[in-house]
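[1] Model the following, please.
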Amino acid sequence: MISAILSMLTEPSEQDKLRTLYENFRQPMYRAAYQILKEPYLAEDAVHNAFLNAASHLSSIGEPDEPRTAGYLYILARNAAIDIYNSRHRLVPVEEMEDTIADLQDVELETESRAVQREIYDMICSMEPKYCDILLLKFYHELDDTEIAETLGITLTNARVRLHRAREKLKRKIKEGLQHEGT
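    A predicted model of the protein is given here:
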């Protein structure tokens, strides 16, 4: 996969940088994509698309050891996975949906739990990117406030304030969702 992307770059220094980024961040990017897509081959496609995007914007990506670089690549992988997820869910055949419904009835309790988790995840992803990113970094990647601040390139105070605001917005979204279900 990486050799095809490397062939797009003409400068050896760019190739070295992309190769290092690939070696250092491929696995975390894959995990981020897999968390959304739940299928290995689709997660690999998302990582590939993210690295294609990274190659075309290589000059704007920091050095591999900078915390902002990890955050940037994570966001590229997440966005690529969301794009794949959205495109696949627009094209789901009716038969596949019926099979899924039958399977869901067999594992109802586990599915309800996953559905709630997915709903919360979807709510997070529907928020403004600055709130979405901070909540995903905090709760899905389990970064502490200092690591989040470094990854996003903001102050620790700003990270804490943004995290507080994001949590409050998420609480409101959840309450609204519960109110809609109750009516």
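
[2] Just name the shakiest helix or strand of this structure by mean pLDDT.
    When the helices and strands of the chain are scored by mean pLDDT, DSSP states H and E, helix 94-106 comes last with a mean of 53.

[3] ok, now how distant is the most centrally placed residue in the chain from residue 144?
    For the chain, residue 78 is the residue whose C-alpha lies nearest the centre (C-alpha atoms, centre = their mean; 2.7 Å). In this view, residue 78 and residue 144 are 20 Å apart by C-beta to C-beta, to the nearest Å. From N, CA and C alone the C-beta is placed, and that goes for glycine too.

[4] next one: residue 46
    From residue 46 to residue 144 the distance is 26 Å (C-beta to C-beta).

[5] more crowded one of these two?
    residue 46 (28 against 10; other C-beta atoms under 10 Å).

[6] Next up, phi/psi of that one, please.
    With angles defined as degrees, to the nearest 10, residue 46 sits at phi -60, psi -40.

[7] Residue 155 now?
    Torsion angles, degrees, to the nearest 10, at residue 155: phi -70, psi 160.

[8] ok, the residue nearest to it when sequence neighbours are not counted - how many residues close by?
    Counting by C-beta to C-beta, 6 or more residues apart in numbering, residue 149 is the residue found nearest to residue 155 once chain neighbours are left out, at 6.1 Å. Neighbours of residue 149 under the rule other C-beta under 10 Å: 22.

[9] ok, now which ones touch residue 149?
    Contacts for residue 149 (C-beta atoms under 8 Å, 6 or more residues apart in numbering) come out as 155, 156, 158, 159.

[10] Residue 82 versus that one, what's the distance?
    24 Å.

[11] Over to residue 11?
    For residue 11, the distance to residue 82 - C-beta to C-beta - is 31 Å.

[12] Perfect, I'm done here.
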